[in-house]
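Student: could you look at this predicted model? Sequence included:
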Amino acid sequence: MKSLEELKKIREDAIKKVKMRKDSGSIRIVVGMATCGIAAGARPVLMTLLEEINKRNISDVTVTQTGCIGFCELEPIVEVYKPGEEKVTYVHMNPEKAKKIIVDHIVNDKVVTEYSIGSVKK
Amino acid sequence: MDFYRSHVLICRGTGCTSSSSDKIESKLQEKLIEKGLDKEVKVVRTGCFGLCEAGPIVVVYPEGAFYSHVKVEDVEDIVEEHLLKGRILKRLLYKGAIDEEKIKSINEVSFYKKQKRVALRNCGIINPEEINEYIAVDGYMALGKVLTEMTPEETINVVKDSGLRGRGGGGFPTGLKWEFAHKAEGKPKYVLCNADEGDPGAFMDRSILEGDPHSLIEAMAIAGYAVGAEQGYVYIRAEYPIAVKRLQIAIDQAKEKGLLGKDIFGTGFNFDLEIRLGAGAFVCGEETALIASIEGERGMPRNKPPFPANKGLWGKPSLINNVETYANIPVIFLNGVDWFKSIGTEKSAGTKVFALGGKINNTGLVEIPMGTTLREIIYDIGGGIPNGKAFKAAQTGGPSGGCISAEYLDTPIDYDSLTALGSMMGSGGMIVMDEDNCMVDIARFFLDFTVEESCGKCPPCRIGTKRMLEILEKITHGEGEMEDIDNLERLAKNIKVSALCGLGQTAPNPVLSTLKYFRNEYEAHVLDRRCPAGNCKSLLSYYIKEDECKGCTLCSQVCPSNAISGERKKPHVIDKEKCIKCGACIEKCPFGAIARK
Ligand SMILES: Cc1cc2nc3c(=O)[nH]c(=O)nc-3n(C[C@H](O)[C@H](O)[C@H](O)COP(=O)(O)O)c2cc1C
Ligand code: SF4
Ligand code: SF4
Ligand code: SF4
Ligand code: FES
Ligand code: FES
């Protein structure tokens, strides 16, 4: 270690790797992963979400799974919780849609209304 | 960069490892590969979480799900249910993590809520075998700051101003000690770490070494810079193999990264660290004995002064501090003196780690701000006394400490309040006793330890403590006289002032404090030949409650000395002459008809 700068660089990188264990990130994305969710293709959706987050270096988001949400026919279901905002439930997800959600909703803060449960149920 | 959506932390402290957390770890790795999750889920090996009794502990992030008593067989469910489907396994949750309405994450569990983790800040959070994980939690930033921005004098002043006191027993102001070593004449100088941890029941130093070894390395390097030393030694007992191994890994990694060695941070400061193994005699924790032991001599204390700060290792100025003391150092530099002083009491800043044991629901390692009351520790954090029994006393300070009785439950705990009560902080052992513990027997138990561990160099300790033990044995056997109690007290006071080292000087504390708060129990043993707690075997007698005995004959069948007689379906009786007080009958009786008093 020849300088403090060098340490700081290692630290920046390393922080991202342990961040999850501090109080969890401010934005939470929850993927329904019960039997029907998995059958409907929730895993590729989950993987796409993770890939996109990683690729874009977004650091304040955690992705978790949940069990049955109760609308099996609408699976795969993804819920987005942003602090201070209403939960948004996206349904009939696929990897393409998942990408769009990361770009529009997470990065640009615009809810993708056409995928949300409200518009589907109408 | 690898990106994981979930981290599974597995406690690999001594406690959990001995209940198979190593197998849980390998099984988990195996399962993750099998399910193709190994690129998504990271397995992190950590040090002790503090709740060893509930171990093995596994925590899954980001939810912070806190699983206890995990078995190898549970791994499958954790993977299938939690990691694949995101369903938290209620059956594995630590009981304090289950609420009527919601599942509590590790941060909300009441065991941790009243704690303030400063010395243990990284234990159970980072992987101690990965230097980058320590760096991620600001590791080595304090060293960087000290070396690049501060003079040794300024460094010492920060430690002085923080009010940090030694956590290894005596509570001597750490900054002052650093200043003495800094000012002492002579070269080279040494920085030593006392990781002997001789107190039976205490394991905070071991946990820090196992869970966060880099914080010790960082602190010792800071100390080296402050006092002008380029070489440090950590003295650990060989019975701590995991701690030794992790510390060695940490030292190697720090060297590799240039955080130990030559020209650290390009400042020209050199510092190196080595481990020295101790054989594990209690007296070797005494600083002058420890130094003798590193030098290869027999670990026997010598007179002080001269203090180690002036004449220490190889006769050179040496700074010696305890592991927990050092663990506080980096955060003081990171968060500042004001922050540190805002925790704790006026004369005892910061926190103290206690090893809670004995009759308490949550045995384990707890770190509390100084000034927390005994009641909060025992009831809020410790979860109270099992089986609805009443609290009787807490023994603090290990074999050289004393007992605190129920009337002092609300005393805020710090160095001075404990000393005022006739006990002491010591290294932080805390053994909780309930109504079934006999205080005379407790005193005997600790004295037995002292007699075993006395190095024998000076007569008050070698002979005096032995005499005290004999008297205590006499009393617990129901053969004591009133003058024995007086003799005991006189001996205790004499040894306290005439022994050469701290071991002898504090050995009488358990006796003196129990005499102070529980003299009536001593008198009951002597005058009434009775042990009020029903603990001292020689003073007990067994009898059968006539009304409750159904005459089932079970007891007479198990009695090894044929002391029980009686006809079928009629009350039985115990012949006190024949009874050898083995207690076999009491356990056998299905009707609870046999009593002991
Ligand atoms: C008999 C005896 C045993 C001791 N055992 C230990 C020990 O195991 N660990 C420890 O840190 N200090 C122990 N001490 C205290 C040390 O002598 C010394 O005061 C301490 O390591 C200084 O560090 P500190 O100022 O950071 O507390 C013991 C003292 C005596 C008299
Ligand atoms: S007090 Fe006991 S342990 Fe200490 S030097 Fe004397 S004999 Fe040895
Ligand atoms: S305590 Fe043991 S020896 Fe005494 S009566 Fe019971 S079984 Fe027999
Ligand atoms: S076991 Fe209990 S109930 Fe049966 S004979 Fe003995 S004392 Fe009586
Ligand atoms: S299992 Fe997915 S909504 Fe029911
Ligand atoms: S060793 Fe695992 S909790 Fe202490």
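Tutor: Cool, the structure landed. Ligands and ions are numbered 1, 2, ... in the order given.

Student: does stretch A:49-57 reach chain B?
Tutor: Yes. Counting by CB under 8 Å from any CB of the partner chain, chain B is contacted by stretch A:49-57 at A:50, A:53-54. Every residue, glycine included, has its C-beta placed from N, CA and C.

Student: give me the neighbour count for whichever residue of chain A sits closest to ligand 6.
Tutor: In chain A, the residue that lies nearest ligand 6 is A:Arg21 (15.9 Å; CB to the nearest ligand atom). By the measure other CB atoms under 10 Å in any protein chain shown, the count of residues near A:Arg21 is 22.

Student: against ligand 1, how distant is it?
Tutor: Distance, A:Arg21 to ligand 1, using CB to the nearest ligand atom, to the nearest Å: 29 Å.

Student: the closest residue to that residue other than its chain neighbours: neighbour count?
Tutor: Excluding the flanking residues, the one nearest A:Arg21 by CB to CB, 6 or more residues apart in numbering or on different chains is B:Tyr61, at 5.1 Å. The local packing of B:Tyr61 (other CB under 10 Å) involves 25 other residues.

Student: ok, B:Tyr61 touching B:Ser6?
Tutor: Yes. At 6.5 Å, B:Tyr61 and B:Ser6 qualify as touching, with contact defined as CB atoms under 8 Å.

Student: overlap in contacts, the two.
Tutor: By CB atoms under 8 Å, 6 or more residues apart in numbering or on different chains, B:Tyr61 and B:Ser6 have these common neighbours: A:Met20.

Student: looking at chain B, which helix or strand is least sure?
Tutor: One helix or strand of chain B scores below all others by mean pLDDT, DSSP states H and E: helix B:85, with a mean of 80.

Student: quick check, that one touching ligand 5?
Tutor: No. Between helix B:85 and ligand 5, judged by CB under 6 Å from any ligand atom, nothing touches; the nearest distance is 9.4 Å.

Student: touching that helix from outside, list them.
Tutor: Under CB under 8 Å, 6+ apart, the answer for helix B:85 is A:33-35, A:38, A:65, A:67.

Student: does B:Ile442 lie in a helix or a strand, and which?
Tutor: helix B:439-453 (DSSP states H and E).

Student: quick check: the closest residue to B:Thr372 other than its chain neighbours vs ligand 6, distance?
Tutor: Nearest residue to B:Thr372, sequence neighbours excluded (CB to CB, 6+ apart): B:Ile413, at 6.0 Å. Using CB to the nearest ligand atom, we find B:Ile413 at a distance of 22 Å from ligand 6.

Student: same check, this time on B:Tyr543
Tutor: From B:Tyr543 across to ligand 6, the span is 43 Å (CB to the nearest ligand atom).

Student: quick check on that residue: phi, psi?
Tutor: The phi and psi values for B:Tyr543, taken as degrees, to the nearest 10, are phi -150, psi 160.

Student: what about the strands in the stretch 101-250 of chain B?
Tutor: For the stretch 101-250 of chain B, strands defined by DSSP state E, counting those that start in this stretch occupy the ranges B:190-195, B:231-237.

Student: sorry, wrong one. I was asking about chain A.
Tutor: All strands of chain A, identified by DSSP state E, fall at A:27-32, A:61-66, A:78-81, A:88-90.

Student: buried deepest among those strands, which one?
Tutor: Stretch with highest mean neighbour count among the strands of chain A: strand A:27-32 (a mean of 23; mean count of other CB atoms under 10 Å in any protein chain shown).

Student: next, see if that strand gets close to chain B.
Tutor: Yes. Against chain B, strand A:27-32 shows contacts by CB under 8 Å from any CB at A:28, A:30-31.

Student: returning to that earlier point: so can I have a markdown table of the residues of stretch A:49-57 next to chain B showing neighbour count, pLDDT and distance to B:Ser318?
Tutor: A markdown table is the format used below for these (neighbours: other CB atoms under 10 Å in any protein chain shown; pLDDT from 0 to 100; distance: CB to CB, whole Å):
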| residue | neighbour count | pLDDT | distance to B:Ser318 |
| --- | --- | --- | --- |
| A:Leu50 | 21 | 87 | 53 |
| A:Ile53 | 21 | 86 | 52 |
| A:Asn54 | 15 | 82 | 50 |
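
Student: go through the strands of the stretch 101-250 of chain B and pick out the most buried.
Tutor: strand B:190-195 (a mean of 28).

Student: dump that strand to PDB, keeping only the CA atoms.
Tutor: Extracted C-alpha coordinates of strand B:190-195, given in PDB (Å, rounded to 0.1, in the frame of the first residue of the first chain):
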ATOM      1  CA  TYR B 190       7.600  -3.000  21.300                       C
ATOM      2  CA  VAL B 191       3.900  -3.100  21.100                       C
ATOM      3  CA  LEU B 192       2.300  -6.200  22.700                       C
ATOM      4  CA  CYS B 193      -1.200  -7.500  22.600                       C
ATOM      5  CA  ASN B 194      -2.500  -9.500  25.500                       C
ATOM      6  CA  ALA B 195      -4.800 -12.200  24.000                       C
END
